[in-house]
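Asks: Return a 3D structure for these sequence lines:
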Amino acid sequence: MRDFTELKIGESSTEIELDSKDDHYAATVAILSQASRSINLFSHDLDPNMLNTREVLDLFKRLAIKDRHSYIKILIHDSRKLMLNGHHLVELSRQLSSHIEIRKTPKELIDHPETFLIVDETALVYRNYSDRLEGFVNFNDRQKCRHLMEFFKHTWEKSTTDPELKRLHI
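Replies: Here you go, the predicted structure:
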């Protein structure tokens, strides 16, 4: 597993290829640990191998409670898997609903293949295809992040909330 701890958001502009689960996870943790304002996540099913660990959940929670201006927006394609298998990030979004919001993408994007995580609109973990491990991380790619954020914001406006994701199970 690669070590990304020396790389800094807004400073380290090298694009590093990722091709293993361990490298994706390490890159995700490294970027999330430096989040100071925002997390925008575009995902098919909140990949449980990457996003359903205590370490990652703690990083999401840390940003969510950091201050009243921080936010986390998550767009997903398929909430059925989340409801069937459970996902701690969904539970966290229910507890911190004023800072973490999960929405479903519009039906016309259900087959959109890529997945990405953008932190502070500067750093990026990216995969061309959500079901493959080939991708990259860049801690300072404002141009690519700006392009993906335009797509994200446009999709966010057309997305819907899923009542199943908001319901508290008692």
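Asks: C-alpha only now, for contacts and for neighbours.
Replies: Fine.
Asks: So for the protein, which residue is the most central one in space?
Replies: The centre of the chain sits closest to Leu41, judged by CA atoms, centre = their mean, with a distance of 2.9 Å.
Asks: Tell me who's in contact with it.
Replies: Taking CA atoms under 8 Å, 6 or more residues apart in numbering, we find Leu41 in contact with 72-75, 115-118.
Asks: Recalculate using a threshold of 7 Å.
Replies: Contact partners of Leu41, counting by CA atoms under 7 Å, 6 or more residues apart in numbering, are 73-75, 116-118.
Asks: Pick out the one among the residues you listed with the largest number of neighbours.
Replies: Ile118 (28 neighbours; other CA atoms under 10 Å).
Asks: rewinding a little: is it correct that the residue nearest to the centre of the chain falls within a strand?
Replies: Yes - assessed with DSSP: H, G, I helix; E, B strand; the rest coil, Leu41 lies in a strand.
Asks: what is the mean pLDDT for stretch 7-17?
Replies: Averaging pLDDT along stretch 7-17 yields 95.
Asks: Quick one: end-to-end distance for it.
Replies: Taking CA to CA, to the nearest Å, stretch 7-17 runs 14 Å from one end to the other.
Asks: residues making contact with the helix ranked longest in the chain?
Replies: For the chain, the longest helix by residue count, based on DSSP state H, is helix 142-158. Helix 142-158 has contacts (CA under 7 Å, 6+ apart) with 105-106, 118, 121-122, 124.
Asks: just those residues now: which is nearest Asp45?
Replies: Using CA to CA, Thr105 is the member of the contacts of helix 142-158 that sits closest to Asp45, with 11.3 Å.
Asks: contacting residues around the closest residue to that closest one other than its chain neighbours?
Replies: Of all residues not flanking Thr105 in the chain, Ser159 sits nearest, at 4.8 Å (CA to CA, 6 or more residues apart in numbering). Neighbour list for Ser159: 103-106 [criterion: CA under 7 Å, 6+ apart].
Asks: let's see 6 Å
Replies: For Ser159, the contact set (CA atoms under 6 Å, 6 or more residues apart in numbering) comprises 104-106.
Asks: Which among these count as buried?
Replies: 104-106 (16 or more other CA atoms under 10 Å).
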